[in-house]
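J.: give me a model of this one.
(chains A and B)
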Amino acid sequence: GAGVSQSPSNKVTEKGKDVELRCDPISGHTALYWYRQRLGQGLEFLIYFQGNSAPDKSGLPSDRFSAERTGESVSTLTIQRTQQEDSAVYLCASSLGRDRFSYEQYFGPGTRLTVT
Amino acid sequence: RKEVEQDPGPFNVPEGATVAFNCTYSNSASQSFFWYRQDCRKEPKLLMSVYSSGNEDGRFTAQLNRASQYISLLIRDSKLSDSATYLCAVNGRKSSGDKLTFGTGTRLAVRP
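T.: Below is the predicted model:
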């Protein structure tokens, strides 16, 4: 079946502009996660959605970052007033989630964001 | 202490060698453990889940040691194509729900 998809695959933006990144999880997966990975670094957790529960936003680095998810479908990550340090690959993952007792996460190909 | 720790490597091994990585975790209540593989400039891909009894998939064996709070990944008969970064992931605190905490990865380079 279809995996996690993300768009755009690459985004170049000017400092100060807003960007919106999209993630389509695997159908039926109740949990969705956003991570950031800077070049040569590990995965940095940003935000986590589980079904209709309030999202866990504990990883968002500043109030310029926000994310939404409608039900168990698409999610968008928005970065306002982008800064050069926001340049990274933004990865989305989904899992069946606690409702199905499965925590294996499957990743999308990522969006490579470059802020000039 | 970090929640999940890995030796960053790199581990440079010849083809055919056996190599093992460990990953330590700090939360004794952790229940789910995984190994992921990440190729350069690609997303992490699930390699295997780690079960209490240990599990094997071809040349790969994963084990869990709850007493010492670490998981291991053993790769036998290394291939050039095994060169990648290997990430461990652990289901963390009870309050974190489904969240996994990832290690920063161990780099493996297999040479001819």
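J.: quick check: pLDDT value at the residue in chain A positioned nearest to chain B.
T.: Going by C-beta to the nearest C-beta, chain B is nearest to residue A:42 of chain A, at 3.6 Å. In short, each C-beta sits where N, CA and C put it, glycine included. On pLDDT, residue A:42 comes in at 90.
J.: again with residue B:92
T.: 66.
J.: likewise residue B:95?
T.: What the model reports as pLDDT for residue B:95 is 54.
J.: can you check the one 3 residues further on too?
T.: Here, the pLDDT recorded for residue B:98 equals 71.
J.: quick one: contacts for it?
T.: Neighbour list for residue B:98: A:31, A:48, A:50, A:95, A:97, A:98, A:103, B:91 [criterion: C-beta atoms under 8 Å, 6 or more residues apart in numbering or on different chains].
J.: would you list every one of the helices in chain A?
T.: Using DSSP state H, chain A contains no helices.
J.: what residues does it have near chain B?
T.: Applying C-beta under 8 Å from any C-beta of the partner chain, one finds that chain A approaches chain B through A:31, A:33, A:41-43, A:45, A:48, A:50, A:53, A:56, A:91, A:95, A:97-98, A:103-110.
J.: mind redoing it with 6 Å?
T.: A:31, A:42-43, A:48, A:50, A:91, A:97-98, A:103-105, A:107, A:109-110 (C-beta under 6 Å from any C-beta of the partner chain).
J.: nearest to residue B:70 among these?
T.: Closest approach between the residues of chain A next to chain B and residue B:70, by C-beta to C-beta: residue A:42, at 17.8 Å.
J.: any idea how far residue A:88 is from the closest one?
T.: According to C-beta to C-beta, to the nearest Å, residue A:42 and residue A:88 sit 12 Å apart.
J.: immediately after the lowest-mean-pLDDT helix or strand in chain B, which helix or strand?
T.: Within chain B, no helix or strand scores below strand B:100-102, which has a mean of 90 by mean pLDDT, DSSP states H and E. Downstream of strand B:100-102, the first helix or strand assigned by DSSP states H and E is strand B:106-111.
J.: low-confidence ranges, chain A, go.
T.: Within chain A, the ranges that satisfy pLDDT under 70 run A:1, A:98-101.
J.: could you rerun that using 50?
T.: Judged by pLDDT under 50, chain A has no weakly predicted residues.
J.: not counting its neighbours along the chain, what's nearest the spatially most central residue of it?
T.: Here the mean C-alpha position of chain A is nearest to the C-alpha of residue A:34 (C-alpha atoms, centre = their mean), at a distance of 2.9 Å. Once flanking residues are discounted, residue A:34 sits nearest to residue A:46: 4.2 Å by C-beta to C-beta, 6 or more residues apart in numbering or on different chains.
J.: distance of that neighbour relative to residue A:76?
T.: 13 Å.
J.: between the two, which is the more surrounded one?
T.: It is residue A:46, of residue A:46 and residue A:76, that has more neighbours when counted by other C-beta atoms under 10 Å in any protein chain shown, with 21 against 14.
J.: can you turn the buried part of the residues of chain A next to chain B into a ChimeraX selection?
T.: Selecting the buried subset of the residues of chain A next to chain B in ChimeraX, with 16 or more other C-beta atoms under 10 Å in any protein chain shown as the burial test, is done by:
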select /A:31,42,43,48,50,91,97,98,103,104,105,107,109,110
